[in-house]
Structures are given as C-alpha cells and as structure tokens.
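**Student:** need coordinates for the below:
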Amino acid sequence: MTKTRTEPRRAPWLALLAGGVLLATAGPAPAEEFDALVKRTQSEKPKFAERHKRLLTERYDLSDRPAEGVTMSNGKAVQEGVRVRLPEGTTWESLSQKTPADIKATNSWPAGFFPLPHPHHEAGGMVFPQPEIDTIKKQDGRDLTRLDLDYDLPQHMLPEFPAPIFLTTRPELGDVSQGQLVTLTNYYDLFSDVLNPKQLDGLRLLLTPFPQQQFNATDDRRSLQPSQGVACLDCHANGHTNAATHTVGDIRPNEHRHRIDTPSLRGVNVQRLFGSQRALKTVEDFTEFEQRAAYFDGDPATAAKKGVNPLERGSQVHFMAEFQALLDFPPAPKLNVLGKLDPAKATESELRGQELFFGKAQCATCHAPPYYTDNLMHNLQTQRFFSERMINGRKASADGPIKTFPLRGIKDSPPYLHDDRLMTLEDTVEFFNLVLGLKLESSEKTDLVAFMRAL
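**Tutor:** Predicted coordinates for the structure are as follows:
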C-alpha cells in the first residue's frame, strides 16, 4: 500500500493548534495511506461545506437577480445590486458617515468586506467551477474534481463560460473561440490559420496539463484517480477567467494566505505587473513562476516529488507569453480612442458616472484611461476598519499592497477584488466609498456602476 504525507514536515519544537488545545509535536507528521485519506476527507467534506455555506449566507445575498438589459460580451446576464449584507440596524448612508475608528470600535465593518476564505481554507488548493470540470472531462478526458471539496459560488455570479476570445492581431474576427472552450482537442482547428507557429505552440503549452499540488500522479493528491495535472487555461479559461480559486503560495502561515481571484488574461500586453501582490515584472516571469512555485505552494521539494515541469525560458515560456500578449479586451463600442465615453453613444447616467469617476469618486487616481490601470500597487489599509480575527481558518488582517487591475471589460469578470470578496460592481462602489471616505450619494453610486459597465 502506497502512503502519502498529508502534513508538511515539522521541526520537533513546532506545535500545532488542534481543537482549541495546544499540542506539542515530537517530529514529522505520520504518513497516511491513500484510502484512509479519501475516507477521512470525504467524511469531513459535509462539515466544512456547511461551515462555508453558512458564512456565505451570512455575508451575501446570492440570489439570481440580473440587471435589465445588461449582459457580458457573449450575452450572459450581469448581476445587479449590493449583495453584501449590513449589520442589523445599519444603512450604507449611516455607515459612510463614520470614521474608520468608529467603524472598528462599533464592530460595524460589513462581514462581506472581510477577506473571503477559501471554500476549505485549511486544505486550500485549486478548486474549479463545475462547468469547467464537465467540459474538460468531455473534451480532454481529464477530471478536475476534488475528492475533498467543491467550488462555492453559484454559477450566475461567475463570468460567462466559455468566454469569447478577442485577439489584438485580428479584431475583425470577433470571438475566435467560436463559442467553444479551447482545449488540446480543438485548439489547432480553431487557431492554425490565425496564429504563427510560435504563438500556436505557446497556446498548446498553455493548454497542456502539468502536475500540481492537488492534481498529480502520486498518492499525495486530491483527485480520486492519478491525474495528469492542471493547465494554465484550466483557470484562465479561453484566456479570460472562470473564477477558479486557490490560495497564494508565498504567504505563511497558512491562516494568512489569501484566497485567489483568477484574473483575466485579457489585455496583458498593456500591463507591467503580474500577480495580485507579487509584482512580477513580465508575463514571462509570471508564466515561469506559476509552473515552478505557485503550482506547488512554493515548495520545491514537494514539486520534485510530484513531478514539476520546469519550462525552458528561451522558447517555451517565450512562446506562451507571446500568445498571452495577443489576448485583447472585449469591444467597448461607447468608448472613443482615448478610452473615454463618446457623448453621442452614452446615456446621461453613464456620462454622469464618468464625471464622478474622474472627480469626486477618485477612481481615476489608480484606474487611468484608456485601459483603466496605473500599473502600480496600492495599500488600501482596510485593517483600519476592524480588529484582527479568525474566519473559517482565514485570519482577517492587513492585506498589504494590491495590484491595480484594469477596468476595461470589468463587467465580464465577477466576482471582484483580489480574493473574490465582492460579488457585484455595486458592492465594489460601496466598498471604496467607505475605504476612501467618499460620501457618495445613492444616485452617484448608480451612475458610477453605469459607467463601469460601459468600459
């Protein structure tokens, strides 16, 4: 019987907290046989799923309430309304009048504005939405199902799937994916007449599964059957995002690790920072980093055991980056060449929202046109508003500097913020209204959302 180690090796002097009791450890954690691991994790699965479901219900209104006449690029409805629940007896208007110190003292920071934990934060790892799992299984014969946990957010809150692909080199083609999820089984037919040989091979590599912490061929995995691994575009589906989640590999201890919002790869050609907090300077750096470190939680020894696949920088990484640099933002017919609204095409609400965006709301301080990013990092210092606390295995504390993500095509990319904590654009407006002390009126918030939907 093969065995797997489910906990990292610990020095004899380390201790762990279990069941509220501090237990001394005498050395490395014992190995666990795979069938025992399956039995244990599947027996625990309902308990952690219920814990997380309860948290989501307490934080958010996750009902299906689409905005009238507002869709993503391929027609999926955009959800509307503020979904973060307020503390009883509180209104957004009254909350916005309080100082950060007052909000902290009265414990009135909305629960949905705290960091959102991973579906099972103590376990962590990659988790995929069901449509991605089903389509990959059908097209490529791979199974991305986790034996120990499921994805947590409802499908109507996620980006459209499969998302359209727009290329900077062939804008006249529109959606190059032709409505399909691009995988190893169809990429050549779809792209062989559109890409040059380098770019085509880069796309192939982005679609090729490589071993990963939870999906690999060893007994230390979280799939029932040995797995070929995970491909870059399993999360960045069609070069966009399917909102698959994970926990960052470069923060310790585990309770401080952030849940990951998979960002869109659209528009990487105009970006100069990669990774929500890592500040990697090129898409080549990011591509190589993902394979060497992020896939294995930053543990080279584990990576070696599970089958890390170092990519050759001069060709493979270069080819992958060259394809990624072709992924364009979706069309925005109301914007002119400078990224501002064309008054002849925009509504009065959108025009008022644009004025607020560049004025009172201060959004353009970080999100500058035409792509609505400044390619910098900013620390929002949200810890001003609350006392540090543990939430389902995730310690809510300071987030630190976060990359300014582009807002072009933003309505196609819910949920929002670097850890998925905000479900709608209305939630993001309420969040920044508090964080920046803007004191926006209700009508101004509505206009801001209207403008961002036009981007």
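
**Student:** ok, now how distant is V283 from Q324?
**Tutor:** Counting by Cβ to Cβ, to the nearest Å, the gap from V283 to Q324 is 5 Å. For every residue, glycine as well, the C-beta is placed using N, CA and C.

**Student:** now do the contacts for G239.
**Tutor:** Contact analysis of G239 by Cβ atoms under 8 Å, 6 or more residues apart in numbering lists 163, 165, 182, 233, 264-266, 324, 327.

**Student:** what would the residues you listed look like in TSV with distance to S223, pLDDT and secondary structure?
**Tutor:** As requested, the contacts of G239 are arranged in TSV below (distance: Cβ to Cβ, whole Å; pLDDT from 0 to 100; DSSP: H, G, I helix; E, B strand; the rest coil):
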residue	distance to S223	pLDDT	secondary structure
A163	25	98	coil
I165	28	98	coil
V182	23	98	coil
L233	19	98	helix
S264	26	98	coil
L265	25	98	coil
R266	29	98	coil
Q324	27	98	helix
L327	29	98	strand
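
**Student:** identify, from the residues you listed, the entry nearest to D342.
**Tutor:** R266 (21.6 Å; Cβ to Cβ).

**Student:** surely the closest one and L167 touch.
**Tutor:** No - with contact defined as Cβ atoms under 8 Å, R266 does not reach L167; the gap is 10.4 Å.

**Student:** buried ones in the longest helix along the chain, by neighbour count?
**Tutor:** The helix that spans the most residues within the chain, counting by DSSP state H, is helix 34-59. By 16 or more other Cβ atoms under 10 Å, the buried positions in helix 34-59 come out as 34, 37, 41, 45, 48, 52, 55-56, 59.

**Student:** following that helix, which helix or strand shows up next?
**Tutor:** strand 66-71 (DSSP states H and E).

**Student:** mind listing residues that contact the following helix or strand past that next one?
**Tutor:** As assigned by DSSP H and E, the chain's next helix or strand after strand 66-71 is strand 77-79. The contact list for strand 77-79 (Cβ under 8 Å, 6+ apart) reads 64-67, 70-72, 156-157, 411, 414, 423-424, 453.

**Student:** related to what we said a few turns ago, how far does the longest helix of the chain sit from the chain's center?
**Tutor:** Chain-centre distance of helix 34-59: 21 Å, with Cα atoms, centre = their mean, to the nearest Å.

**Student:** picking up where we left off before, now the contacts of strand 77-79: which count as buried?
**Tutor:** 67, 70, 72, 157, 411, 414, 423-424, 453.

**Student:** could you work out the most separated pair of those residues?
**Tutor:** Based on Cβ to Cβ, the longest span within the buried ones among the contacts of strand 77-79 runs between M157 and R453 and measures 16.1 Å.

**Student:** how is this structure carved up into domains?
**Tutor:** The chain breaks down by automatic domain parsing into domains covering 61-114+334-455, 123-331.

**Student:** between the two ends of the longest one, how far is it?
**Tutor:** Same thing as domain 123-331. End-to-end span of domain 123-331 (Cα to Cα, to the nearest Å): 39 Å.

**Student:** center of the chain, which residue is that?
**Tutor:** Centroid-nearest residue in the chain, with Cα atoms, centre = their mean: D261, separated by 1.2 Å.

**Student:** quick check: phi and psi at that one.
**Tutor:** Main-chain torsions, D261, degrees, to the nearest 10: phi -90, psi 120.

**Student:** my guess is it meets H246, correct?
**Tutor:** No - contact criterion Cβ under 8 Å: D261 and H246 do not qualify, at 9.5 Å.

**Student:** just checking, L203 touches F323?
**Tutor:** Yes - using Cβ under 8 Å, L203 is in contact with F323, at 4.8 Å.

**Student:** more crowded one of the two?
**Tutor:** L203 (27 against 24; other Cβ atoms under 10 Å).

**Student:** in which helix or strand does the more buried one reside?
**Tutor:** Secondary structure assigned from DSSP H and E places L203 in helix 197-206.

**Student:** cool, thanks, signing off.
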